[in-house]
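>>> pasting the sequence and the predicted model now:
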Amino acid sequence: MYVHVNAAVSADGKLSTRRREQVRISGDEDFARVDRLRAESDAVLVGVGTVLADDPSLVRFDREHRETVEKSGVPTRVVADSRARTPPDAAILAGDAPTTVLASEVAPSERVETLREVGASVVVAGEDRVDLTRAFDELESSGVEDLMVEGGGELVFSLFEAGLVDDLTLYVGSLVLGGRDAPTIADGEGFVDRETFPRLSLDGVERLDDGVVLGWSVEEQA
Ligand SMILES: NC(=O)C1=CN([C@@H]2O[C@H](COP(=O)(O)OP(=O)(O)OC[C@H]3O[C@@H](n4cnc5c(N)ncnc54)[C@H](O)[C@@H]3O)[C@@H](O)[C@H]2O)C=CC1
Ligand SMILES: Nc1nc(O)c(N)c(N[C@@H]2O[C@H](COP(=O)(O)O)[C@@H](O)[C@H]2O)n1
């Protein structure tokens, strides 16, 4: 499975403010680029932190572009949600597009049941946290070849830590959000040994709106 992480950050590298409320960092041209990326994907993944903060629906994508890349249907929405905290009335569970929740064994069975009742597929992988490698194997066996990840920082750090990221694109917008506690694209524990730093290879730089899109591929980890 090919995994592409995309996000928008401020000029000082933040995904949002310290209040973790959704901030519109991208402009219209970048949102159109994101809609094309979604159209190229079989599934779009976010962490439950993003669901709780932003309540994304993840239903928008570029339908014309999807036809040109010969993908059928609509992208499946996926939430990494160890404890099944996704609210049953979350926008990501509404509408016709399918939703898969990746949970772990500590997720209370009644919450898992409720998510199934409102139409989600639930995959349990991992003891106290989603085992992303196992969960991705399950997604792949259900037909997901191209997975787009839209954040947030806790989830993306874990993906880098597990060596699961192939491509990273960041839209860097022309604003400063600041805040030592504001989320960045790779939070979690952070890396400390230089041998473990994921290394990137810069593939492209493009000016869009009043910002810039940086595209990297992730080099093979030793
Ligand atoms: N500017 C942008 O492009 C975007 C900004 N955001 C912002 O990011 C913030 C949310 O990000 P975070 O709080 O970091 O939450 P997150 O979206 O990364 O979700 C973290 C949660 O994912 C779950 N999870 C399950 N398995 C996991 C694993 N193996 N590793 C890590 N997490 C796992 C856990 O329950 C964890 O609490 C919000 O402020 C949101 O507005 C989110 C997406 C895009
Ligand atoms: N690409 C991008 N630019 C921004 O400025 C953003 N704030 C975000 N945020 C993420 O986009 C998703 C919104 O989904 P909907 O289509 O509105 O349902 C969600 O994952 C946000 O956190 N992205």
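The structure has been received and is ready for your questions. Numbering: from 1, shown residues only. Ligands and ions are numbered 1, 2, ... in the order given.
>>> near ligand 1, anything from the longest helix seen in the chain?
Secondary structure of the chain per DSSP state H: the longest helix is helix 28-39. No. Using CB under 6 Å from any ligand atom, helix 28-39 never reaches ligand 1; the gap is at least 8.7 Å. No exception for glycine: its C-beta is placed from N, CA and C like everyone else's.
>>> which residues sit against that helix?
With CB atoms under 8 Å, 6 or more residues apart in numbering as the test, helix 28-39 has contacts from 4, 6, 8, 26, 44, 58, 60-63, 65-66, 69, 71, 75, 148, 150, 169, 171, 208-209, 211, 213.
>>> hmm, try it at 6 Å
Residues from elsewhere that reach helix 28-39 (CB atoms under 6 Å, 6 or more residues apart in numbering): 6, 44, 60-62, 65-66, 75, 148, 171, 208-209.
>>> filter the residues you listed to the buried ones?
Among the contacts of helix 28-39, those buried by neighbour count (16 or more other CB atoms under 10 Å) are 6, 44, 61-62, 65-66, 75, 148, 171, 208-209.
>>> just the residues you listed that are near ligand 1?
Among the buried ones among the contacts of helix 28-39, no residue sits close to ligand 1 (CB under 6 Å from any ligand atom).
>>> mind putting those in a markdown table, secondary structure included?
Formatted as a markdown table, the buried ones among the contacts of helix 28-39 follow (DSSP: H, G, I helix; E, B strand; the rest coil):
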| residue | secondary structure |
| --- | --- |
| 6 | strand |
| 44 | strand |
| 61 | coil |
| 62 | coil |
| 65 | helix |
| 66 | helix |
| 75 | coil |
| 148 | strand |
| 171 | strand |
| 208 | strand |
| 209 | coil |
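>>> any chance of those in a markdown table with pLDDT as columns?
Converted to a markdown table, the buried ones among the contacts of helix 28-39 look like this (pLDDT from 0 to 100):
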| residue | pLDDT |
| --- | --- |
| 6 | 98 |
| 44 | 98 |
| 61 | 98 |
| 62 | 98 |
| 65 | 98 |
| 66 | 98 |
| 75 | 98 |
| 148 | 98 |
| 171 | 98 |
| 208 | 97 |
| 209 | 93 |
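>>> much appreciated, bye for now.
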